[in-house]
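Student: Need a 3D model of the following:
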Amino acid sequence: MSQYSNAKIMAPSTALRDKVGGGPGVLDPAILAKAEAALKALSGQFGQWLQDEIVKLEAARADIGKDGLTPETSERLYLRAHDLKGLGGTYEFPIISRMSASLCRLLEDDAKRKKAPLYLIDAHIQAIKAAVRDNVRDEANPIGRALAEALETQVRAHFA
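Tutor: Coordinates of the predicted model:
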């Protein structure tokens, strides 16, 4: 007799699917339209929210300047960059998502964080701030695209 003889197979709950409706990949167009309208109504606040996130990113970098590149300070910086990676597109600045993704690659695990050059961390932060300051929203802007590519190239070169 197997050690798993008391195992019971349970079917996963479909409660959420039942409430939302449809099966995999199906979303009620009315719900989607309502969500898009709500997001559009909030878009006037995106600029301030983005600034708030940048302040948090700068504060995490300042902690590194004060306390050194410790596991705790580098984790805080990574989390701030990760937040911006996810929020850039939502806040209508997909170029910031790209730049933040590059910073996340530089800091994605403890071993990489220990070796992350501060000048490259700072270059990412300055690029993110410049994108907001100069309203560089996406890769259609040649300067934003070139800057994002340069950051990514530097991160790749650092790990080569």
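Student: check which helix or strand covers residue 57.
Tutor: helix 46-67 (DSSP states H and E).
Student: Average pLDDT for that helix, rounded please.
Tutor: For helix 46-67, the mean pLDDT works out to 93.
Student: between the helix or strand just after it and helix 46-67, how big is the angle?
Tutor: Next along the chain after helix 46-67, taking DSSP H and E as the criterion, comes helix 71-90. Per axes from the mean of the first three to the mean of the last three CA atoms, to 10 degrees, the angle that helix 71-90 makes with helix 46-67 is 160 degrees.
Student: what's the spacing between helix 71-90 and its chain's center?
Tutor: Distance of helix 71-90 from its chain centroid, counting by CA atoms, centre = their mean, to the nearest Å, is 6 Å.
Student: what's it in contact with?
Tutor: Residues from elsewhere that reach helix 71-90 (CB atoms under 8 Å, 6 or more residues apart in numbering): 39, 46, 49-50, 53-54, 56-57, 60-61, 63-64, 67, 94-101, 103-104, 107-108, 110, 113-114, 116, 121, 124, 128. For glycine as for every other residue, the C-beta is placed from the backbone atoms N, C-alpha and C.
Student: Okay, angle between the helix or strand that comes right after that helix and helix 71-90 too, please.
Tutor: Per DSSP H and E, the first helix or strand lying C-terminal to helix 71-90 is helix 94-107. Computed by the same axes, to 10 degrees, the angle separating helix 94-107 from helix 71-90 equals 160 degrees.
Student: average model confidence for the next helix or strand after helix 94-107?
Tutor: Remark: after helix 94-107, the chain's next helix or strand is helix 110-115, criterion DSSP H and E. For helix 110-115, the mean per-residue pLDDT is 89.
Student: Pull the distance from helix 110-115 to the chain's centre.
Tutor: 19 Å.
Student: what does stretch 125-139 give?
Tutor: Computed by CA atoms, centre = their mean, the separation of stretch 125-139 from the middle of its chain amounts to 15 Å.
Student: before we move on, what about stretch 79-95?
Tutor: Taking CA atoms, centre = their mean, one finds stretch 79-95 lying 5 Å from the centre of the chain it belongs to.
Student: how about it: buried residues?
Tutor: By neighbour count with 16 or more other CB atoms under 10 Å, stretch 79-95 contains the buried residues 80-82, 84-85, 87-88, 91, 93-95.
Student: picking that back up, just the buried residues of the contacts of helix 71-90.
Tutor: Looks like the contacts of helix 71-90 have 50, 53-54, 56-57, 60-61, 63-64, 94-101, 103-104, 107, 113, 116, 121, 124, 128 buried, using 16+ other CB under 10 Å.
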